[in-house]
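Colleague: I'll drop the sequence and a predicted model, then ask my questions.
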Amino acid sequence: MSHSTALTCPYGGRSFQVRWNDSPRKNEMVATTKTTYTFVDGITGSIEVHHAAGSSGATIVAALDVSALNMMALRAADKNCEGVDAVAAYKWHIHTKWTHGDGRSSGVLSHCSLAAAGNHYDPDYACGPNSEYVGTNTCKEITPTYECTPATYAVNPLACERGDLSGKLGDMLVDAHGKITHSWVDPHYPDLHESTPEWNMMLHAVCGKATPRVVCATGITSAPSTAVIVPFQTSVVAAILFFALVGCFVLRRHPTVGRFYPTNLVVVATLALLALLVYQDVASFV
């Protein structure tokens, strides 16, 4: 049985995906579909959702710049933000409605209202206070007890609305430069076939206990691309590192090599790992 791992990283406005597995089999080709939510008002940048064929869940990559957010407009829209100089964290969710008929694909403040952008995607009736089904007979008794955190989600995925991303994965945190650059893996992210053109990614500013809607954007799904999974056996890594470290230990009394012991142990181990990564990269073209 093989185990594959994927790492998706933002770089230069794009993202790349590296995959490897612990398997003696030949290279595998895996189709990956990307949905991009691009923000152009107040907050700029994008959130990408990567679905790998044959795998459940998704990898989410955020590369956002919130430094130009109009705080005066935000304070005017919600008095709870009056004492906030700069928003340090954002809630984020999948919302289910998009009523703009002017071709708009991104909005800010009033463009993201309940009437314009709807509430959270919630096909399993987890029934949070912002569920698309809040107020229905099914949700009336459930909503007061809704608790969605990364801890509760890890134990019971059905405890969370499927669109409550900040509840499941945590808030988006802003760095000292006004950027949000992060990636998450959601093992139960909605399947690609569940999405609709009206789905939008929503960011809410955290102003104390208040979380006003700030920006929202619909997504564009690109054609599937392929990634190479390169065979990468743990036993090979262990063998190379073992012999490299033994070699350094044996030569620890050498007049030249021994002078740098045990620093050279770390250097050799690092070089061995780099060599394996280079081999893996080259093998992906074979």
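Modeller: Now that the structure is in, tell me what you want to look at. Numbers count the residues shown, from 1 in each chain.
Colleague: which stretches of the stretch 151-286 of the chain form strands?
Modeller: Counting by DSSP state E, counting those that start in this stretch, residue ranges of the strands within the stretch 151-286 of the chain are 172-173, 179-186, 200-205, 213-221, 225-231.
Colleague: Quick one: closest of the ones you listed to residue 120.
Modeller: strand 200-205 (8.6 Å; C-beta to C-beta). Where you see a C-beta, it was placed from the backbone N, CA and C, and this is true even at glycine.
Colleague: who does that closest one pair up with?
Modeller: strand 89-95 (antiparallel), strand 213-221 (antiparallel) (DSSP bridges).
Colleague: so that strand versus strand 179-186, what angle?
Modeller: 120 degrees (axes from the mean of the first three to the mean of the last three C-alpha atoms, to 10 degrees).
Colleague: Turn the strands paired with strand 200-205 into TSV, columns for mean neighbour count and distance to residue 165.
Modeller: Supplementary listing: the strands paired with strand 200-205 in TSV, determined by neighbours: other C-beta atoms under 10 Å; distance: least, C-beta to C-beta, whole Å:
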stretch	mean neighbour count	distance to residue 165
strand 89-95	23	5
strand 213-221	23	13
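Colleague: pLDDT on stretch 176-187, on average?
Modeller: Averaged over stretch 176-187, pLDDT sits at 96.
Colleague: and residue 263, how many neighbours?
Modeller: Neighbourhood size, residue 263 [other C-beta atoms under 10 Å]: 10.
Colleague: That should have said residue 36, apologies.
Modeller: Residue 36: 17 neighbours (other C-beta under 10 Å).
Colleague: and it, that's in a strand?
Modeller: Yes. According to DSSP: H, G, I helix; E, B strand; the rest coil, residue 36 belongs to a strand.
Colleague: Looks like it contacts residue 218 (just checking).
Modeller: No. Here residue 36 lies out of contact with residue 218, judged by C-beta atoms under 8 Å, at a distance of 10.1 Å.
Colleague: export the strands of the stretch 151-286 of the chain to CSV and tack on distance to residue 100?
Modeller: As requested, the strands of the stretch 151-286 of the chain are exported to CSV (distance: least, C-beta to C-beta, whole Å):
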stretch, distance to residue 100
strand 172-173, 24
strand 179-186, 24
strand 200-205, 10
strand 213-221, 9
strand 225-231, 29
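Colleague: ok so, going back, identify whichever of the strands paired with strand 200-205 lies nearest to residue 182.
Modeller: For residue 182, the closest of the strands paired with strand 200-205 is strand 89-95, at 10.9 Å, according to C-beta to C-beta.
Colleague: Report the mean confidence score over that closest one.
Modeller: 98.
Colleague: Need the strands paired with strand 200-205 in a markdown table (columns: distance to residue 123).
Modeller: Output for these, formatted as a markdown table (distance: least, C-beta to C-beta, whole Å):
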| stretch | distance to residue 123 |
| --- | --- |
| strand 89-95 | 11 |
| strand 213-221 | 18 |
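Colleague: Poorly predicted segments of this structure, please.
Modeller: Residue ranges of the chain with pLDDT under 70: 1-30, 226-242, 244-246, 248-252, 254, 256-262, 264-265, 268-269, 272, 275-286.
Colleague: And the helices in it?
Modeller: Ranges of helices within the chain are 71-77, 114-117, 137-140, 150-155, 165-169, 234-250, 263-283, based on DSSP state H.
Colleague: Can I get the first one in PDB? Just the C-alpha atoms.
Modeller: Extracted as PDB, the C-alpha positions of helix 71-77 are listed here (Å, rounded to 0.1, in the frame of the first residue of the first chain):
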ATOM      1  CA  MET A  71     -10.700  51.300   7.300                       C
ATOM      2  CA  MET A  72     -12.800  54.500   7.300                       C
ATOM      3  CA  ALA A  73     -15.400  52.700   5.100                       C
ATOM      4  CA  LEU A  74     -15.300  49.700   7.300                       C
ATOM      5  CA  ARG A  75     -15.800  51.700  10.500                       C
ATOM      6  CA  ALA A  76     -18.700  53.600   8.800                       C
ATOM      7  CA  ALA A  77     -20.300  50.200   7.900                       C
END
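Colleague: nearest residue to residue 57 other than its sequence neighbours?
Modeller: Nearest residue to residue 57, sequence neighbours excluded (C-beta to C-beta, 6 or more residues apart in numbering): residue 187, at 4.1 Å.
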